[in-house]
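In: dropping the sequence and predicted coords here.
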Amino acid sequence: MGTYTNLLYIKDASNNNMSFVIDMVNIFLRQTPDFLNEMEQHASSKDWESFRKIVHKFKPTVGMMGIDLTPQISKLEVCAKTFENLDSVGPLLQEIKKICEAAYDELAVEIKSI
């Protein structure tokens, strides 16, 4: 268990199938930067419907890796749905990006030890 990640959920869900865990971590490592880039693009173009959809898809992805971004993601969903506090979207995305980047390093180390 790392500072940002906890693979307990995915290990339990897969009955400790380590090859599945490694596959899921690798998918996460490949897809998450794209999710974050899409969120930033939709936020900058103010396409809040597309933004909300990406955030919604992103939520279970980080959850599977045991990364607790629930408060930040919930705030993003509310902003996109209500069109309020939109000035907080950029800082929230930067915070999420920073946590994900730290999580990438942790996960890369963890799957090497499996």
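Out: Looks like it arrived, so ask away.

In: now residue 13. Nearest residue, chain neighbours left out?
Out: residue 64 (7.9 Å; C-beta to C-beta, 6 or more residues apart in numbering). Just so you know, the C-beta spots here come from the backbone N, C-alpha and C atoms, and that holds for glycine as well.

In: residue 79 against residue 87, yeah?
Out: No - contact between residue 79 and residue 87 fails when scored by C-beta atoms under 8 Å: they sit 9.0 Å apart.

In: so for those two, which sits in the more crowded spot?
Out: residue 79 (21 against 8; other C-beta atoms under 10 Å).

In: find me the pLDDT at that one, would you?
Out: Looking at residue 79, its pLDDT reads 95.

In: contact partners for it?
Out: Residues near residue 79 by C-beta atoms under 8 Å, 6 or more residues apart in numbering: 48, 85-86, 88-89, 92.

In: how close does it sit to residue 59?
Out: Distance, residue 79 to residue 59, using C-beta to C-beta, to the nearest Å: 14 Å.

In: and the contacts of residue 79 as JSON lines, adding pLDDT and distance to residue 17?
Out: Shown next, in JSON lines, are the contacts of residue 79 (pLDDT from 0 to 100; distance: C-beta to C-beta, whole Å):
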{"residue": "48", "pLDDT": "96", "distance to residue 17": "38"}
{"residue": "85", "pLDDT": "94", "distance to residue 17": "41"}
{"residue": "86", "pLDDT": "94", "distance to residue 17": "42"}
{"residue": "88", "pLDDT": "96", "distance to residue 17": "39"}
{"residue": "89", "pLDDT": "97", "distance to residue 17": "37"}
{"residue": "92", "pLDDT": "97", "distance to residue 17": "34"}
